[in-house]
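Participant: prediction below, plus the sequence it came from.
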Amino acid sequence: QVQLVESGGGLVQAGGSLRLSCAASGRTFSNYAMGWFRQGPGKEREFVAVCNGSGSFTRYAGSVKGRFTISSDSAKNIGYLQMNDLKPEDTAVYYCAVSRLIATAGNDYNYWGQGTQVTVSS
């Protein structure tokens, strides 16, 4: 069993930055891939980014590539999503999740956090 807790969300102006954290307990990150997903108002959940347990492999959605950076500190069991140059369309609840696969589909993820709200004002 893995428990995930996100933090770091908030309200920021367009062009600003936030760093989300995902603290894990129960199992170590090194055995899992960590993904970030988001769900905006009236939208379906969408993939944002994924990295392997060591953080040496990463993949991003096209809409965030070049602005967001995913990383993982397996020694501390914490994952991060650094978000720069935020846009109003990035407004969403952001979720971290872990999977045995390096996957972009939410259905491949076994454990999810409760989510953290990110609101970007124009």
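Facilitator: Looks like it came in fine.
Participant: check contacts around residue 116.
Facilitator: 6-9, 20, 93-94 (Cβ atoms under 8 Å, 6 or more residues apart in numbering). For every residue, glycine as well, the C-beta is placed using N, CA and C.
Participant: if you look at those residues, which of them are in strands?
Facilitator: Using DSSP state E, 6-7, 20, 93-94 are the members of these that sit in strands.
Participant: now flag whichever of the residues you listed is closest to residue 87.
Facilitator: residue 94 (14.1 Å; Cβ to Cβ).
Participant: for residue 120, see how far away that closest one is.
Facilitator: According to Cβ to Cβ, to the nearest Å, residue 94 and residue 120 sit 12 Å apart.
Participant: the two: which has the busier surroundings?
Facilitator: residue 94 (23 against 20; other Cβ atoms under 10 Å).
Participant: report the buried residues of stretch 97-112.
Facilitator: For stretch 97-112, the neighbour count (16 or more other Cβ atoms under 10 Å) marks 97-99, 102-104, 106, 109, 111-112 as buried.
Participant: adding pLDDT, secondary structure and distance to residue 42, write these out as TSV.
Facilitator: Listed next are the buried residues of stretch 97-112 as TSV, based on pLDDT from 0 to 100; DSSP: H, G, I helix; E, B strand; the rest coil; distance: Cβ to Cβ, whole Å:
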residue	pLDDT	secondary structure	distance to residue 42
97	96	strand	22
98	94	strand	27
99	93	strand	26
102	94	coil	29
103	95	coil	25
104	96	coil	22
106	96	helix	18
109	96	coil	23
111	93	strand	26
112	96	strand	20
